[in-house]
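**Q** return atomic coordinates for the entry below.
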Amino acid sequence: MALYKQTKQAVTITVIGKGIGGGRGKSAAEKKANEDSEEEKTRKMNSAKRIAIKTAVNFATRTAPNFIIGNISAYTGDSNFQAEVQRKQEIVSDVISTSVNTIVGFAINPALGALQLTTSLVSNAMKYEQRNINQAVQEFRQTQSVNYAKARSGIDLTDGRTRLR
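**A** Below is the predicted model of the structure:
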């Protein structure tokens, strides 16, 4: 026999059976559908703590400084100084974020901490290496453009021209 009770958030199913017994605690038929074991509650609490700490760290190391640094050029008119400060702030925030997330991961579970550290290091290395590659490609293109313009203009020590016309 089954009784159904529906509420706004959950459906509770109570199953009453005969011949079930001999076990410790509640049997599977007697447990409510929304009850969690102690391990499940601990896992959910650890996950919630990790998310809360990660959100606070990201706000403190990324969101607030980005807002402040983003207004430097508006106040001073120096966009190059703003870009320089943003690069330095990004390095600091990457180090702090990686450190805190790794420490929290190790506090919850050593395997999770090792995974967090590895993931952060690899993603940061890939990000910075991609920037280096883009910078090298941009410099190469600029150099080739200048060399092409010089070749087209015929500037040479032997032709007597010392400037572009």
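**Q** which residues of the protein fall in helices?
**A** 38-58, 64-70, 72-76, 79-108, 110-153 (DSSP state H).
**Q** chain center to stretch 117-134: distance?
**A** 12 Å (Cα atoms, centre = their mean, to the nearest Å).
**Q** can you pull out the low-pLDDT segments for this protein?
**A** Counting by pLDDT under 70, the chain contains low-confidence residues at 1-36, 154-165.
**Q** measure residue 109 to residue 67 for me?
**A** 34 Å (Cβ to Cβ, to the nearest Å). To be clear about C-beta, it is placed using only N, CA and C from the backbone, and glycine gets the same treatment.
**Q** over to residue 144?
**A** According to Cβ to Cβ, residue 144 and residue 67 sit 39 Å apart.
**Q** before we move on, back to that, who has more neighbours out of residue 109 and residue 67?
**A** residue 109 (14 against 9; other Cβ atoms under 10 Å).
**Q** which phi and psi does that one have?
**A** Main-chain dihedrals, residue 109, degrees, to the nearest 10: phi -160, psi 130.
**Q** how far away is it from residue 94?
**A** For residue 109 relative to residue 94 (Cβ to Cβ), the value is 23 Å.
**Q** try residue 57
**A** Counting by Cβ to Cβ, the gap from residue 57 to residue 94 is 12 Å.
**Q** burial of the residue nearest to residue 113 when sequence neighbours are not counted, as a residue count?
**A** Among residues not flanking residue 113 along the chain, residue 106 sits closest, at 3.0 Å (Cβ to Cβ, 6 or more residues apart in numbering). Neighbours of residue 106 under the rule other Cβ under 10 Å: 15.
**Q** list the contacts for residue 106?
**A** By Cβ atoms under 8 Å, 6 or more residues apart in numbering, residue 106 lies in contact with 112-114.
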